[in-house]
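[1] no sequence for this one, just the structure:
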């Protein structure tokens with residue numbers, strides 16, 4: 001079951017973030033609190049969450065993903081070795097012109113059914129990706145990573161080249 005709520009996080013107090021590290025598993029217990037209730041964004045052991053975006057927040061339940069107005073997903077697998085995680089990670093920076101040029105291409109591919117995880121470098125989502133994929137992260141953006149096998153490619157490119165790489169390396 002999905003729960004959706006419109007939340008302007010500038011008007012919401014982030015009550016707390018407790019981080020526990022268990023081997024390769026990192027668990028974030030994140031909550032938002034308004035004047036009426038405390039809402040857990042994720043349950044321990046399900047997903048990692050990123051509460052810093054504005055827009056529509058859909059609470060994490062089971063293996064469902066969250067879409068927000070600014071195209072930053074809130075959740076990635078808690079266990080870095082989760083082989084059921086089939087998204088292509090789009091590591092980017094909002095200040096990078098090459099990354100901004102790739103964003104409309106990524107949106108087109110999402111409309112065609114490809115799944116991307118948007119990991120902005122300065123955000124919690126970017127840190128989460130770095131924690132799980134540090135051995136393949138180049139430090140340059142944009143960078144694309146197949147989450148299932150850690151294949152990677154960097155730089156801006158035409159849509160056709162990205163699709164060919166996804167189909168060859170990520171099993172797209």
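    Sure, I can see it. Remember, predicted model here, so these are calculated numbers, not experimental data.
[2] For the rest of this, base every contact and every neighbour count on C-alpha atoms.
    Noted.
[3] Share the number of residues neighbouring residue 120, please.
    Burial of residue 120 is recorded as 21 neighbouring residues (other C-alpha atoms under 10 Å).
[4] what comes up buried for stretch 87-106?
    When burial is assessed from 16 or more other C-alpha atoms under 10 Å, stretch 87-106 yields the following buried residues: 87-93, 98-99, 102-103, 105-106.
[5] avg pLDDT for that stretch?
    Stretch 87-106 comes out with an average pLDDT of 92.
[6] And the contacts of that stretch?
    114-122, 126, 141-148, 155-157, 159, 170 (C-alpha atoms under 8 Å, 6 or more residues apart in numbering).
[7] that older thread, of the buried residues of stretch 87-106, which belong to strands?
    Among those, the residues falling in strands (DSSP state E) are 88, 89, 90, 91, 92.
[8] returning to that earlier point: pipe the buried residues of stretch 87-106 into JSON lines and attach distance to residue 130 per row.
    Formatted as JSON lines, the buried residues of stretch 87-106 follow (distance: C-alpha to C-alpha, whole Å):
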{"residue": "87", "distance to residue 130": "15"}
{"residue": "88", "distance to residue 130": "14"}
{"residue": "89", "distance to residue 130": "11"}
{"residue": "90", "distance to residue 130": "12"}
{"residue": "91", "distance to residue 130": "9"}
{"residue": "92", "distance to residue 130": "12"}
{"residue": "93", "distance to residue 130": "13"}
{"residue": "98", "distance to residue 130": "20"}
{"residue": "99", "distance to residue 130": "17"}
{"residue": "102", "distance to residue 130": "20"}
{"residue": "103", "distance to residue 130": "20"}
{"residue": "105", "distance to residue 130": "23"}
{"residue": "106", "distance to residue 130": "20"}
